[in-house]
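> Got a predicted structure here, sequence first:
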Amino acid sequence: MARRRQVYEGKAKILFEGPEPGTLVQYFKDDATAFNNQKKGTITGKGVLNNRISEYLMTRLNEIGVPTHFIRRLNMREQLVREVEIVPLEVVVRNVAAGSLATRLGIQEGTRLPRSIIEYYYKNDQLGDPMVSEEHITCFGWASTQDLDDMVSLALRVNDFLTGLFLGVGITLVDFKLEFGRLWENEDMRIVLADEISPDNCRLWDLKTGEKMDKDRFRKDLGKVEEGYQEVARRLGILPEAGVRDMKGPETVQ
Ligand code: UDP
């Protein structure tokens, strides 16, 4: 196969030019980073699992009418997506106190929030993704008020749906990060869900034991990181049958 042009390389994914104009191929790596790149590592099989988990969740969301950039999975590590103009914001939704919320405000990790909270972070590695308000976002033109309205309503729908979906398999959706993109169709622009939804950007705790099944296992050196991701896939009923170790190479599936 001819070498494809690489469009972008991030910490956990690479984007290549897609087969048709307006499409991209999203390749999932096993690389993991945390604390604004200060901690680096590899989680064997993570890319395969995240590709599969994100495919599953984006497909379920598409089915309930949440627009996403996802088109289809191509092989074990790649998926075809629509090319969008990424809004330079990380939209975090929280249901239970954890991570930076718990640290910054001194709230006991695990405290259920009286209502879901949405936070925005400006995507800028050099600045360490600072938290920003709607005022900053509209003032500096990162998104319009209409874009924000669309992102908030989509984020809340995603939260409601995924909370229920994970609850059904014995997992608490503690918090997660979403990214959105602008999709242009002729003169019209729509805000759609982009990036990925996986244990890399969600906090997922076992409902009964509170055990962490997400990237916090890596961040906090809890061990059994791959196993945590695998358990999420297993509960969702999508663990690759032969196991991820047998499925590292890109093999085209229909
Ligand atoms: N998150 C992410 N990418 C980031 C920062 C956070 O995917 O660059 C996710 C993280 O996995 C968690 C949620 O967003 O599910 C909230 O993260 P938090 O603000 O608590 O920051 P952290 O503790 O990860 O530094």
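Alright, I've got the coordinates. These numbers were taken from a predicted model, which means no experiment stands behind them.
> And the residue nearest the centre of this structure?
Centroid check for the chain by CA atoms, centre = their mean gives residue 197 as the closest residue, at 3.0 Å.
> List the residues that contact it.
53, 54, 57, 58, 61, 158, 162, 176, 178 (CB atoms under 8 Å, 6 or more residues apart in numbering). Using the backbone N, CA and C atoms, a C-beta is placed for each residue, glycine as well.
> Now restrict these to buried residues only.
53, 54, 57, 58, 61, 158, 162, 176, 178 (16 or more other CB atoms under 10 Å).
> tally of neighbours for the nearest residue to the fourth one once chain neighbours are set aside?
Spatial nearest neighbour of residue 58, excluding adjacent residues (CB to CB, 6 or more residues apart in numbering): residue 70 at 3.8 Å. Number of residues near residue 70 (other CB atoms under 10 Å) recorded here: 23.
> before we move on, what about the one 4 residues further on?
Neighbour count of residue 74, defined by other CB under 10 Å: 21.
> check which helix or strand covers the residue lying closest to it once chain neighbours are set aside.
Using CB to CB, 6+ apart and skipping the chain neighbours, the partner closest in space to residue 74 is residue 80 (5.6 Å). Per DSSP states H and E: residue 80 is located in strand 78-82.
> Contacts for that strand, please.
18-19, 22-28, 51, 54-55, 69-74, 183, 192, 194, 250.
> Which strands or helices does the helix or strand just after it pack on?
Counting by DSSP H and E, the next helix or strand C-terminal to strand 78-82 is strand 85-86. With contacts defined as 3 or more CB pairs under 8 Å, 6 or more residues apart in numbering; DSSP states H and E, the packing partners of strand 85-86 are strand 171-185.
> Please identify the buried residues of the strand it packs on?
Judged by neighbour count (16+ other CB under 10 Å), strand 171-185 contains these buried residues: 171-183.
> swap in stretch 82-95?
Those would be 82, 83, 84, 87, 89, 90, 91, 92, 93, 94, 95, for stretch 82-95 by 16+ other CB under 10 Å.
> Considering only these, which also neighbour the ligand?
Subset of the buried residues of stretch 82-95 in contact with the ligand: 90, 92, counting by CB under 6 Å from any ligand atom.
> Now render the buried residues of stretch 82-95 as CSV, adding pLDDT.
Below are these laid out as CSV (pLDDT from 0 to 100):
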residue, pLDDT
82, 98
83, 98
84, 98
87, 98
89, 98
90, 98
91, 99
92, 99
93, 99
94, 99
95, 99
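> and of the buried residues of stretch 82-95, the nearest to the ligand?
Using CB to the nearest ligand atom, residue 92 is the member of those that sits closest to the ligand, with 4.7 Å.
> Look up which helix or strand that closest one falls in, please.
strand 89-96.
> what about the helices in the stretch 1-150 of the chain?
Assigned by DSSP state H, counting those that start in this stretch, the stretch 1-150 of the chain shows helices spanning 46-63, 99-105, 134-139, 145-167.
> So is the longest one next to the ligand?
What that stands for is helix 145-167. No: using CB under 6 Å from any ligand atom, helix 145-167 stays clear of the ligand, coming no nearer than 11.8 Å.
> what's the angle from that helix to helix 46-63?
Angle of helix 145-167 versus helix 46-63, following axes from the mean of the first three to the mean of the last three CA atoms, to 10 degrees, is 110 degrees.
> same for helix 145-167, what does it pack against?
Looks like helix 145-167 contacts helix 46-63, strand 89-96, strand 112-122, helix 134-139, strand 171-185, strand 188-194 (3+ CB pairs under 8 Å, 6+ apart).
> Pull the distance from that helix to the chain's centre.
In terms of CA atoms, centre = their mean, to the nearest Å, the centre of helix 145-167 is found 13 Å from the chain centre.
> Same check on stretch 208-218?
16 Å.
> If you count neighbours, what's buried in it?
The neighbour-count check on stretch 208-218 (16+ other CB under 10 Å) flags 212, 213, 214, 215, 216, 217, 218 as buried.
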